[in-house]
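>>> Let me see the structure of the following:
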Amino acid sequence: MAHNVPVNDLAPLLTPEGRALLDTVRDTAPADELAVATRLRREYPAELVSAALGQARLRQRAAVKFGAEDAGRMFFTPNGVEQSTRASVATYRAECFQALGVRSVADLCCGIGGDAIALARAGIRVLAVDRDPLTVAAARANAEALGLADLIEVREADVTDIDTSPYDAVFVDPGRRGGRGRIFDPEAYSPPLSWAVEAALKAPIGVLKIAPGIPHEAIPAEAEAEWISDSGDVKEAVLWFRPDGTPGARRSILLPSGAGIWASPDTMLPDPEVRPVGRYLYEPDGAVIRAHLVAEVAEDLGGGLIDATIAYVTADELHVTPYATAYEITDQLPFNVKKLKALLREREVGILTVKKRGSAVEPEELRRKVLPKPYGSRSATVFLTRVAGAPTMLVGAPA
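Below is the predicted model:
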């Protein structure tokens, strides 16, 4: 199909003919691509039609990250759609730079320019650098398409060759994917984390984007570490190196609200105590969990953990908090499929959500077993977890 054709050269799409064709195919549904391609190849070269349909598909996918208006004007590569920073996250970071008085940033490993665009829209001058020619072409085309070319200089180069001394800040987003998928060893990043840290420390302000799952022991002692979620999904982790920072501090930021928790090494709380399951179960936001700030949320809720190794907080009272989702627990059962099935039938449950933490059972597999058909119109949530070390099922509903 046309949307599987790799976009190897953007140049034909940047011509007047290519841009006109992009406008023609922009709303093409996947099911209609073959018919549209057949028709358009009577008027345009087959390669150009395939490239335009492939770009249209990438733009439709990118709308989730960039919004339909921007994505409809931008140019993407398949990797660029997958790896670029979500616009809401990039905007938040650009606002942080702006608040620190940053007026120029060297954006190293810029990709298709997601962060550079947000920085430029905040009035910050950007040098955007990447070594991949196609990626550079996309970044340059995006700066022009969004009217930001005056603030964004795009350069094809190895980031290790760039002199960043003229810039107020350095932002590095190392490549974290290889031929076999995600790279989990920070020293296998491209460039390695050690090089990126050195580059950040040389700058007045240095910021590194890293994988959210990075082990805390791999975080440099000089850095403040920040985990960011958007609408409940953890998107990235960032290391900040700045003169007014607090080395070793941890922060979680929840978008779109902007709510955040911050703790320094001196103020971080010990792990909460384990206590019996109360009336309410709180599921902390993923950014809170990644930042190891569950204890701070538990203290705010007056709660404890259901198990020393499980990031579920329990409390007897309902509290409103942006940092966790609350559920009212109605039943606590040892893990037993037959008992759960009988309970759901008794409660006339027809809609079941299954969550797990600390359990090897797959949620969809359990759902098929205990709810082969709806028993009624009511809904329920089942947590597959451990309570004080014992495999347990907690049944409840959003509070």
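
>>> Now for Pro276, how many residues are close by?
When neighbours are defined as other Cβ atoms under 10 Å, Pro276 has 11 of them. For glycine as for every other residue, the C-beta is placed from the backbone atoms N, C-alpha and C.

>>> hmm, I was thinking of Ser252
Each residue near Ser252 was counted by other Cβ under 10 Å, and the total is 30.

>>> roughly how far out does the helix or strand hosting it sit from the chain middle?
Take DSSP states H and E as the rule and Ser252 turns out to sit in strand 250-255. Centroid separation for strand 250-255 versus its chain: 12 Å, with Cα atoms, centre = their mean, to the nearest Å.

>>> Tell me the strands beside the very next helix or strand once past it, with direction?
Secondary structure here is assigned by DSSP H and E; on that basis, the next helix or strand after strand 250-255 toward the C-terminus is strand 259-263. Partners of strand 259-263 in the sheet, by DSSP bridges, are strand 250-255 (antiparallel).

>>> ok, and for the partner strand, which residues are buried?
Of all the residues in strand 250-255, those buried under the rule 16 or more other Cβ atoms under 10 Å are 250-255.

>>> need the contact list for the nearest residue to Ser165 once chain neighbours are set aside.
Using Cβ to Cβ, 6 or more residues apart in numbering and skipping the chain neighbours, the partner closest in space to Ser165 is Lys202 (7.7 Å). Lys202 makes contact with 164-165, 170, according to Cβ atoms under 8 Å, 6 or more residues apart in numbering.

>>> For the closest residue to Asn336 other than its chain neighbours, give me phi and psi.
By the measure of Cβ to Cβ, 6+ apart, the closest residue to Asn336 outside its immediate chain neighbours is Met393, 7.5 Å from it. Backbone torsions for Met393, taken as degrees, to the nearest 10, come to phi -120, psi 120.

>>> From Val387, how far out is Met393?
When Cβ to Cβ, to the nearest Å is applied, the distance between Met393 and Val387 equals 10 Å.

>>> And for Ala223?
Using Cβ to Cβ, one obtains 36 Å as the distance from Ala223 to Val387.

>>> can you check Gly101 too?
With Cβ to Cβ as the criterion, Gly101 and Val387 are 50 Å apart.

>>> same check, this time on Ala360
When Cβ to Cβ is the yardstick, Ala360 and Val387 sit 16 Å from each other.

>>> So for the two, which sits in the more crowded spot?
With other Cβ under 10 Å as the criterion, Ala360 and Val387 differ in neighbour count, and Val387 comes out ahead with 22 against 7.

>>> Which residue comes closest to that one once chain neighbours are left out?
The shortest distance from Val387 to any residue that is not its chain neighbour, by Cβ to Cβ, 6+ apart, is 5.0 Å, and that residue is Ile306.

>>> what's the burial count for the residue nearest to Glu362 when sequence neighbours are not counted?
For Glu362, ignoring the flanking residues on the chain, the nearest one in space by Cβ to Cβ, 6+ apart is Lys356 at 7.9 Å. Summarising burial for Lys356: neighbours were counted as other Cβ under 10 Å, giving 14.

>>> How about Lys339?
With other Cβ under 10 Å as criterion, Lys339 counts 14.

>>> Secondary structure element for the closest residue to Arg86 other than its chain neighbours, which one?
Closest residue in space to Arg86, ignoring its immediate chain neighbours: Lys65 at 4.7 Å, by Cβ to Cβ, 6+ apart. Mapping Lys65 onto the secondary structure by DSSP H and E places it in helix 46-66.

>>> quick check, distance from that helix to the centre of its chain.
Distance of helix 46-66 from its chain centroid, counting by Cα atoms, centre = their mean, is 22 Å.

>>> next one: stretch 70-88
With Cα atoms, centre = their mean as the basis, stretch 70-88 stands 13 Å off its chain's centre.

>>> can you name the farthest residue from the center of this protein?
Here the centre of the chain is the reference, and by Cα atoms, centre = their mean the most remote residue is Arg42, at 41.8 Å.

>>> Now the two most distant members of the buried residues of strand 250-255.
Among those, the pair separated by the greatest distance (Cβ to Cβ) is Arg250 and Leu255, at 17.3 Å.

>>> got the CA positions of stretch 290-303 in PDB?
What follows is the C-alpha trace of stretch 290-303 in PDB, where atoms were taken according to Å, rounded to 0.1, in the frame of the first residue of the first chain:
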ATOM      1  CA  ARG A 290       9.000   7.000  37.700                       C
ATOM      2  CA  ALA A 291      10.200  10.000  39.800                       C
ATOM      3  CA  HIS A 292      10.000   7.800  43.000                       C
ATOM      4  CA  LEU A 293       7.700  10.300  44.600                       C
ATOM      5  CA  VAL A 294       4.900   8.000  45.600                       C
ATOM      6  CA  ALA A 295       5.700   8.600  49.200                       C
ATOM      7  CA  GLU A 296       4.900  12.300  48.800                       C
ATOM      8  CA  VAL A 297       1.500  11.500  47.300                       C
ATOM      9  CA  ALA A 298       0.800   8.900  50.100                       C
ATOM     10  CA  GLU A 299       1.500  11.500  52.800                       C
ATOM     11  CA  ASP A 300      -0.700  14.000  51.100                       C
ATOM     12  CA  LEU A 301      -3.500  11.400  51.000                       C
ATOM     13  CA  GLY A 302      -2.900  10.200  54.500                       C
ATOM     14  CA  GLY A 303      -2.500   6.700  53.100                       C
END
